[in-house]
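In: just coords:
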Ligand SMILES: [Zn+2]
């Protein structure tokens, strides 16, 4: 009973409310009055209780970096998600539609979303998008977007053209589909050099606002990630998704390589 009184005091409820709460059979118990909380007051209380809230830093002020992983989801993506979760880091996954449709693809993209990462469109079959017919281009982007939306409920806001190859037709197609084109300013060349220490070293050559290109289909890249997170974490970086990096500044069809801070 004493614990109950303390609990009620903490909740600012009158003593006796709710503790001995089994009413005699047949007695009608009136519903307790619902508490009215002003939204602004609630925000102030939450801020006081959780100084780090909200989680997203203002990347115009804080040191942010967007780690991006292309060409999956693959066999090593789950392991990568474990590592990111352990360090509280968020990332962006530019997925290939065919990989999403393959075995375990659906479960992995759902996990990516559930753990607070961002999904981006990296086409259906990873061709050079430049020079495709309008119909094929629409299929490459649209089919992946539709599948991801069906599996996760997420309408993606960002895309990355395979090989970074883009032109006016790609810009127009992505603009119509509400997708910003995200390139990068730090390339780890992890597809070529399968050496975790080298990948981690190159990935650390960032400045605030950088976008780092990696590929989660290579186990050597996934192995490089803990060291990369530690190195940049010690330098004060926050690991954010591309959309978190830009806030509401992303415009469909436009190209972005890094956040330029004023
Ligand atoms: Zn790719």
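Out: Nice, I can see it. For clarity, every value in this text was computed on a predicted model and none was experimentally measured. Numbering: from 1, shown residues only.

In: Now for residue 88, how many residues are close by?
Out: Neighbours of residue 88 under the rule other C-beta atoms under 10 Å: 12. In short, each C-beta sits where N, CA and C put it, glycine included.

In: cool, residue 86 as well?
Out: Neighbours around residue 86, by other C-beta under 10 Å: 10.

In: Residue 212 too?
Out: 26.

In: same deal with residue 201?
Out: For residue 201, using other C-beta under 10 Å, the count is 15.

In: Quick check: which element contains it?
Out: If you go by DSSP states H and E, residue 201 is part of helix 196-203.

In: and that helix, average pLDDT?
Out: Averaged across helix 196-203, pLDDT comes to 98.

In: how about the residues of the stretch 51-200 of the chain near the ion?
Out: By C-beta under 5 Å from the ion, the part of the stretch 51-200 of the chain that sits against the ion consists of 70-71, 162.

In: try it again with 8 Å
Out: For the stretch 51-200 of the chain, the contact set with the ion under C-beta under 8 Å from the ion comprises 70-71, 94, 96, 122, 126, 160, 162-163.

In: Filter those down to just the ones in strands.
Out: The strands, defined by DSSP state E, take in 70, 94 from these.

In: What subset of the residues of the stretch 51-200 of the chain next to the ion is buried?
Out: Buried members of those, scored by 16 or more other C-beta atoms under 10 Å, are 70-71, 94, 96, 122, 126, 160, 162.

In: And those, which is closest to residue 253?
Out: Residue 253 lies nearest to residue 160 out of those, by C-beta to C-beta, at 13.7 Å.

In: Now that closest one: closest residue in space, sequence neighbours ignored.
Out: Setting aside the residues directly before and after it, residue 160 is nearest to residue 94 in space (C-beta to C-beta, 6 or more residues apart in numbering), at 4.3 Å.

In: List the contacts of that neighbour.
Out: 68-71, 120-122, 158-160, 182 (C-beta atoms under 8 Å, 6 or more residues apart in numbering).

In: now do residue 213
Out: By C-beta under 8 Å, 6+ apart, the contact list for residue 213 reads 68, 70, 184, 186-188.

In: Doesn't it belong to a helix?
Out: No. Residue 213 sits outside any helix when classified using DSSP: H, G, I helix; E, B strand; the rest coil, being strand.

In: Residues in a beta bridge with it, which ones?
Out: With DSSP bridges as the criterion, residue 213 is bridged to residue 68, residue 187.

In: The ion versus that one, what's the distance?
Out: For residue 213, the distance to the ion (C-beta to the ion, to the nearest Å) stands at 9 Å.

In: where does the stretch 151-262 of the chain dip in pLDDT?
Out: Residues of the stretch 151-262 of the chain meeting the criterion pLDDT under 70: 262.

In: Please repeat the previous calculation with a cut-off of 90.
Out: Along the stretch 151-262 of the chain, the parts satisfying pLDDT under 90 run over 261-262.

In: Which parts of it are strands?
Out: In the stretch 151-262 of the chain, the strands defined using DSSP state E, counting those that start in this stretch lie at 158-159, 180-182, 186-187, 210-215, 238-239, 255-256.

In: Report all helices and strands that the fifth one contacts.
Out: I take that to be strand 238-239. Where contact means 3 or more C-beta pairs under 8 Å, 6 or more residues apart in numbering; DSSP states H and E, strand 238-239 is packed against strand 64-70.

In: what residues does the strand it packs on touch?
Out: With contact meaning C-beta under 8 Å, 6+ apart, strand 64-70 is reached by 57, 77, 80, 89, 91-94, 96, 120, 122, 160, 182, 184, 203, 206, 208-216, 221, 225, 228, 232, 237-242, 244-245, 259.

In: Disregarding residues adjacent in the polypeptide, which is nearest to whichever residue of the stretch 151-262 of the chain sits closest to the ion?
Out: Nearest residue of the stretch 151-262 of the chain to the ion: residue 162, at 4.7 Å (C-beta to the ion). Nearest non-adjacent residue to residue 162, counting by C-beta to C-beta, 6+ apart: residue 126, 4.7 Å away.
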